[in-house]
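Engineer: prediction below, plus the sequence it came from.
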Amino acid sequence: MIPDYLLFPVSLLAGLVGAMSGMGGGIILIPVLTFLGLDIKHAIAISILSVIATSSGSASAYVRDHITNLKVGMFLEMFTIVGALAGAAITLASSPRPLYIAFGAVLLGSWVALFTAEHQSWHTGPQDSVTRWLELEGSYFDKSLKETVHYRARRAYLGAPMMFGAGMIAGLLGIGAGAVKVLIHDLVMGLPPKVSTTTSNLIIGVTALAGTSVYLTAGMINPGLAAPVILGVVAGAFLGTRLLVRMSNQAVRRLFLVVLILLAAEMIVRGIRGV
Amino acid sequence: MGPDSQPSRQLEMDALVGYLLLSGVLLSMGLIVVGLAWRFANTGRVSFDYSIKGMNLFQFVVNEIRLVMHGQLSPRVMVSGGIVVLMLTPYLRVLASMVYFIAALKNWKYSLFTAFVLAVLTFSLFLR
């Protein structure tokens, strides 16, 4: 078992790095908890519970600033929650080794995404009839541009099934999978970057709740262990978003590239060697 | 536009959802902090090991309420309460949005969508 006194600091660190990299706490938390000796399924269950807290906390501010698009969120949630229920059910039935390897693969994928990350300019495009019927459009006041940005989403018929997949990854591995959701919002549905990240935050909370419900009924949530972890991740995320403003993006990115590749290697090796 | 126009109603809904999420998370964190501090004051340890054996959220809540009714307010009940509040936060957010789509915005499409989300969550949290 993990020593008590390590739970809080380790989770704080995971929340901090997760918030600063934009990848979320779970992606660091789970490898570290398993490294310290917690069984991977319990680590996944605790992590997905803590995801509810971090995503709801940050979503609240963006929703009140009217940047989050509630309709886009509500529509896509229908798909992510079903995906999360399926994903969590698969994890319960699976043996630990494929979970380690799947987690390692997601870490490698995040590494590639971060390594090749570049900012593309956003522009609004033509809207198809399905997406128009779904009323997926909106506007928000951009504080840095000092103007109201109007946008119309597109290709909801493609985005929806892909969000099922994103929800499945979230439920399966106990992470927010925010990076996957943002990618779908940006590239497939053509949402402006600010809307896509903030709306993804809103969706993550409900998706994590669906996943948590499966782990709770399976008796995999240990409140005594979960409590210090949740507090640590939330405190870390809170600090991370404030610290981020003062650090250069390049430094954070380089540090995180190293951390990700190490964690990916660790998870895959453990998966292959059978822990 | 008047105060009852659709866009201003939409802004009201943003505020409602935002404050619901914020107060849920703050209340939950508060309960967990108090529970852990209490536990630490009693025993000098922050964590305690107990798992919920195969209970859905409804059974979990009933169990906790029963403990409180019997005057057994303990660090454990505070921590569990924090976890219950945390899990109910997104659930209530969906419920509030559904009511808003039905009553204030009268948007049948989104009333149906949120009703579906709520039904799936209700099934997986309370009925299984």
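Structural biologist: Yep, it's here.
Engineer: show me the shaky parts of chain B.
Structural biologist: B:1-6, B:47, B:49-52 (pLDDT under 70).
Engineer: just want the most central residue of it.
Structural biologist: Geometric centre of chain B, nearest residue: residue B:88, 1.8 Å, by CA atoms, centre = their mean.
Engineer: and the residue lying closest to that one once chain neighbours are set aside, how many neighbours?
Structural biologist: In space, and not counting its chain neighbours, residue B:88 is closest to residue B:24: 7.0 Å by CB to CB, 6 or more residues apart in numbering or on different chains. Placement of C-beta: from N, CA and C, glycine included. Counted with other CB atoms under 10 Å in any protein chain shown, the neighbours of residue B:24 add up to 25.
Engineer: on that earlier part again, is it fair to say the residue nearest to the centre of chain B lies in a helix?
Structural biologist: Yes - under DSSP: H, G, I helix; E, B strand; the rest coil, residue B:88 falls within a helix.
Engineer: gap between it and residue A:107?
Structural biologist: When CB to CB, to the nearest Å is applied, the distance between residue B:88 and residue A:107 equals 32 Å.
Engineer: what does residue A:140 give?
Structural biologist: Residue A:140 is 33 Å from residue A:107, by CB to CB.
Engineer: more neighbours: which of these two?
Structural biologist: Counted by other CB under 10 Å, residue A:140 and residue A:107 do not tie: residue A:107 has more neighbours, with 26 against 19.
Engineer: name the residues of the helix ranked longest in chain B that come out as buried.
Structural biologist: In chain B, with assignment by DSSP state H, the single longest helix is helix B:6-43. The neighbour-count check on helix B:6-43 (16 or more other CB atoms under 10 Å in any protein chain shown) flags B:9-10, B:13-14, B:16-18, B:20-22, B:24-25, B:27-29, B:31-33, B:35-36, B:38-39 as buried.
Engineer: hmm, who's touching whatever helix or strand comes next after it?
Structural biologist: Per DSSP states H and E, the first helix or strand lying C-terminal to helix B:6-43 is helix B:57-69. Contact partners of helix B:57-69, identified using CB atoms under 8 Å, 6 or more residues apart in numbering or on different chains, comprise A:213, A:216, B:52, B:55, B:73-74, B:77, B:80-81, B:84, B:87-88, B:125-127.
Engineer: neighbour-wise, which of the residues you listed leads?
Structural biologist: residue A:213 (29 neighbours).
Engineer: I'd say that residue and residue B:122 touch.
Structural biologist: No - taking contacts as CB atoms under 8 Å, residue A:213 lies outside contact range of residue B:122: 9.9 Å.
Engineer: what is the mean pLDDT for stretch A:21-28?
Structural biologist: Across stretch A:21-28, the average pLDDT comes to 82.
Engineer: whoops, I mixed them up, stretch A:160-176
Structural biologist: Averaging pLDDT along stretch A:160-176 gives 94.
Engineer: does that stretch reach chain B?
Structural biologist: No - judged by CB under 8 Å from any CB of the partner chain, stretch A:160-176 and chain B are separated, with a smallest distance of 10.7 Å.
Engineer: could I get the CA-only coordinates of that stretch as PDB?
Structural biologist: Coordinates of the C-alpha atoms in stretch A:160-176 are reproduced here as PDB (Å, rounded to 0.1, in the frame of the first residue of the first chain):
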ATOM      1  CA  ALA A 160     -20.700  13.100 -32.200                       C
ATOM      2  CA  PRO A 161     -19.500   9.500 -32.900                       C
ATOM      3  CA  MET A 162     -15.900  10.600 -32.400                       C
ATOM      4  CA  MET A 163     -16.900  12.000 -29.000                       C
ATOM      5  CA  PHE A 164     -18.300   8.600 -28.100                       C
ATOM      6  CA  GLY A 165     -14.700   7.400 -28.600                       C
ATOM      7  CA  ALA A 166     -13.300  10.200 -26.500                       C
ATOM      8  CA  GLY A 167     -15.700   9.300 -23.700                       C
ATOM      9  CA  MET A 168     -14.700   5.700 -24.000                       C
ATOM     10  CA  ILE A 169     -11.000   6.500 -23.500                       C
ATOM     11  CA  ALA A 170     -12.000   8.700 -20.500                       C
ATOM     12  CA  GLY A 171     -14.000   5.900 -18.800                       C
ATOM     13  CA  LEU A 172     -11.500   3.200 -19.800                       C
ATOM     14  CA  LEU A 173      -8.400   4.900 -18.400                       C
ATOM     15  CA  GLY A 174      -9.800   7.300 -15.800                       C
ATOM     16  CA  ILE A 175      -8.600  10.500 -17.500                       C
ATOM     17  CA  GLY A 176     -10.400  13.500 -18.700                       C
END
